[in-house]
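A.B. asks: Quick one, structure for this:
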Amino acid sequence: MRAVTPQPPLVPPAAAKPRSSFHQILSNAGILLGGKAVNAVMGLATVALAARALGVEVFGVFVLIHAYIQTVGEIAKFQSWQALLNYGTAPFTEKRFAPFHRVLRFSLLLDGISGLTGIVVALAGVLLIGGGLGWPASEQAAVALYAFSIFFNVSATPIGALRLVNRFDLMAAESSLESLIRLIGAGLAWWLGAGLHVFLMIWFLARFVAFLFLFGAAAWMLQKKHALSGFRWRFAGTWTEGMPGIWPFVWSTNLNTTLGLAFTHLGTLMVGALLGATDAALYRIAKQLADAVAKPAKLIVPALYPELARLAMNPDRAALRKLVRQLALAAGGVATGLLVLVALFGGALLSVLIGPEFIAAKPVMLWLLTGAVISIWAVPLEPLLMSTGSATAAFWLRLVVTVFYIPLLYWMIVTQALHGAGVAAVIGAALMLLGQVWLVRRWFGQKHRAV
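C.D. replies: As a prediction, this is how the structure comes out:
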């Protein structure tokens, strides 16, 4: 009998090394950055065209109207995408689509209610306090019509769905589409010598088209995953069946985001109300440029939530700590480098892009960018708190800082004019960073003692 030569055991090919959360986040952020880099260029060009077409004072009126509508819309809007990720990630991953549909229905319901509520509140505000927000009484009707764009700003559910399936490229495409429509429209309006109302129409149209694209893309991706099979709009049982604690969660995330508006649109509105439309225009230009410079680092945030939602399902304290440290260093380092460049070349940038009459915005731009850089060092902290059951603590921190910041902002503007608005932004950002560091360290300490 012939001897059988023993064969070496079959060794399965080595599986590809799974990507770390840090690299997955940077990969998704890189996809967004590709779109946002283009958007930043288009956004600056659009603002330059609008500013040159309208002049400093009318441009100030335009940014005050837009800031008012954005503020009301953000106040009314629930961050339903966070609920979709926190409550929908597990059933979606496990292909349990019936409970996933319950979360999806709830999220869509919140979006619809938010949009309608925002329109009603904005219209009431135009009638009651519109005259004190820096725009002429003759523009009240235009503001009222523009308020209907709030409904198309409420797109949290499709954003959550695309984050859930890691299709950040489609989110970037939606943002680029809106920026492109604004740029083309602003170019035509500048060439034709159009006025304020035409620019408001262009911004409305751009948001509407982007809204349709985003919903269509999200529905398409969920359908490809068979996650919409059997979906029904009707609720079976209560709205929140199978989602314990979702109401406190969505209220805390909504209020937390609402409080965050104090550091975004409120500054523009308060400058306009206290100093007038011209200073509001300078402030808005400064903030636009500061935000554009800080944008690359901030892109980590939307890429961060899905990974944290997955890690939080089976928390690994060491992995989370390492991830937070890596992201803070990466984002903060990039932002700090950009701040140095703007300090050196910011005046020339304003003169070339917007016009010599806007060079006066450089000092406040540097203060606003410094505040943004401080916030960027804290980029991973709030998402970590939101994803690990500390949303309420994050809300109370933001509430305390905001209660301090709003009167500080008012006092600084009254006493130091436009310059004071930038200083207040830096103080507010520093307080928020210190508070978030304390909360995160406390959370890690609690976990450590529990192990």
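
A.B. asks: Tell me where the stretch 151-300 of the chain is predicted with low confidence.
C.D. replies: Within the stretch 151-300 of the chain, the stretches with pLDDT under 70 are 235-239, 242, 256, 260-263, 293-300.

A.B. asks: got the residue ranges for the helices in it?
C.D. replies: 156-164, 168-192, 196-224, 246-260, 265-275, 277-298, 300-313 (DSSP state H, counting those that start in this stretch).

A.B. asks: quick one, which of those is nearest to T402?
C.D. replies: helix 246-260 (4.5 Å; C-beta to C-beta). Every C-beta, even on glycine, is put in place using the N, C-alpha and C of the backbone.

A.B. asks: what packs against the closest one?
C.D. replies: Contacts defined by 3 or more C-beta pairs under 8 Å, 6 or more residues apart in numbering; DSSP states H and E place helix 246-260 against helix 21-76, helix 80-93, helix 381-387, helix 391-450.

A.B. asks: got the angle for it vs helix 80-93?
C.D. replies: 140 degrees (axes from the mean of the first three to the mean of the last three C-alpha atoms, to 10 degrees).

A.B. asks: quick one on the thing from earlier: mind putting the helices and strands packed on helix 246-260 into TSV with mean neighbour count and mean pLDDT?
C.D. replies: Below are the helices and strands packed on helix 246-260 laid out as TSV (neighbours: other C-beta atoms under 10 Å; pLDDT from 0 to 100):
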stretch	mean neighbour count	mean pLDDT
helix 21-76	21	76
helix 80-93	23	80
helix 381-387	24	75
helix 391-450	18	85
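
A.B. asks: Make JSON lines from these and add distance to R167 to it.
C.D. replies: Formatted as JSON lines, these follow (distance: least, C-beta to C-beta, whole Å):
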{"stretch": "helix 21-76", "distance to R167": "9"}
{"stretch": "helix 80-93", "distance to R167": "13"}
{"stretch": "helix 381-387", "distance to R167": "19"}
{"stretch": "helix 391-450", "distance to R167": "25"}
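
A.B. asks: so which of these comes closest to R321?
C.D. replies: R321 lies closest, by C-beta to C-beta, to one member of the helices and strands packed on helix 246-260: helix 391-450, at 6.3 Å.

A.B. asks: Out of the helices and strands packed on helix 246-260, which gets nearest to E357?
C.D. replies: Closest to E357 of those is helix 21-76 (C-beta to C-beta; 5.9 Å).

A.B. asks: now the helix or strand where V120 lies: how far from the chain's centre is it?
C.D. replies: Here V120, judged by DSSP states H and E, is contained in helix 97-129. Put simply, helix 97-129 sits 17 Å off its chain's centre (C-alpha atoms, centre = their mean, to the nearest Å).

A.B. asks: Also stretch 56-69?
C.D. replies: Using C-alpha atoms, centre = their mean, the mean C-alpha position of stretch 56-69 is found 20 Å from that of the whole chain.

A.B. asks: Which residues does that stretch contact?
C.D. replies: For stretch 56-69, contacts defined as C-beta atoms under 8 Å, 6 or more residues apart in numbering pick out 50-51, 54, 122, 125, 133-136, 139, 142-143, 146-147, 149-150, 195-196, 199-200, 203, 265, 268-269, 272, 276-282, 284, 357-358.

A.B. asks: Kindly recompute the last result at 6 Å.
C.D. replies: When contacts are defined by C-beta atoms under 6 Å, 6 or more residues apart in numbering, stretch 56-69 is touched by residues 51, 133-135, 143, 146-147, 196, 199, 265, 268-269, 272, 277-278, 280-281, 284, 357.

A.B. asks: what's the distance between the nearest residue to F151 once chain neighbours are set aside and A424?
C.D. replies: Excluding its sequence neighbours, the residue lying closest to F151 (C-beta to C-beta, 6 or more residues apart in numbering) is G115, at 3.8 Å. Separation of G115 from A424 (C-beta to C-beta, to the nearest Å): 31 Å.

A.B. asks: Likewise for I150?
C.D. replies: Using C-beta to C-beta, I150 is found at 27 Å from A424.

A.B. asks: contacting residues around G445?
C.D. replies: G445 makes contact with no residue under the criterion C-beta under 6 Å, 6+ apart.

A.B. asks: whoops, I mixed them up, I413
C.D. replies: By C-beta under 6 Å, 6+ apart, the contact set of I413 is L274, G420, A421.
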